[in-house]
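Visitor: Starting from these lines, generate the structure:
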Amino acid sequence: MRQRRRPPPFSFLLHDLDAGEGAASPSLTGPPVDIVDDGKAWRLVFEIPGSIPSRLDLEITGRIVVLRGERRATEGEPGQFIRVERVPGPFERALELPDDPDPDRTKASFSDGLLTVTIPRLNRESSRTIPIRRTDTSKR
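Guide: Coordinates of the predicted model:
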């Protein structure tokens, strides 16, 4: 009997909404990303050289993380280009996380062409006291 092949560990984190169902490769215009899960949060590291942080937009809606921005074209280089591999222009990258994130505690930093986004998991185990309002039933 032939065994089913297991997907690589954490392959569910690589669900790229731009490239189609179950794709594990980045879309043609989206930046490459590394995703690390430490059990308490996800760390996404996007490679975006030539981008300006003020022109990047990071949005979390439900379990979907969307990064939008623009790569600047190489300008002012003397001579003729022999090869162009960097794709200039606008980009968008959408990824689905495997569990609910906590967008209120998400942090992002940009350094040396890398955007690092730390997204904590939503803590469902924390407790809070729910106040109970008393309603006067004698005024019916």
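Visitor: tell me the mean pLDDT over stretch 130-137?
Guide: For stretch 130-137, mean pLDDT is 77.
Visitor: Kindly check the end-to-end length of it for me.
Guide: 21 Å (C-alpha to C-alpha, to the nearest Å).
Visitor: Strands along this protein, start to end?
Guide: 33-37, 41-47, 57-61, 64-71, 89-96, 107-111, 114-120 (DSSP state E).
Visitor: how about CSV for the ones you listed, with mean neighbour count, mean pLDDT and distance to T135 added?
Guide: Just so you know, the C-beta spots here come from the backbone N, C-alpha and C atoms, and that holds for glycine as well. Listed next are those as CSV, based on neighbours: other C-beta atoms under 10 Å; pLDDT from 0 to 100; distance: least, C-beta to C-beta, whole Å:
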stretch, mean neighbour count, mean pLDDT, distance to T135
strand 33-37, 15, 96, 46
strand 41-47, 19, 96, 41
strand 57-61, 13, 96, 36
strand 64-71, 18, 93, 40
strand 89-96, 17, 92, 42
strand 107-111, 12, 95, 42
strand 114-120, 18, 96, 37
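Visitor: Quick check: which of the ones you listed is nearest to D136?
Guide: Within the strands of the chain, the stretch nearest D136 is strand 57-61; the backing value is 41.0 Å (C-beta to C-beta).
Visitor: Please name the strands paired to that closest one in the sheet, noting orientation.
Guide: Paired with strand 57-61 in the same sheet, following DSSP bridges, are strand 64-71 (antiparallel).
Visitor: For S51, give me its contacts.
Guide: Each residue near S51 by C-beta atoms under 8 Å, 6 or more residues apart in numbering is listed here: G69, E70, R71, R72, F110, G113, L115.
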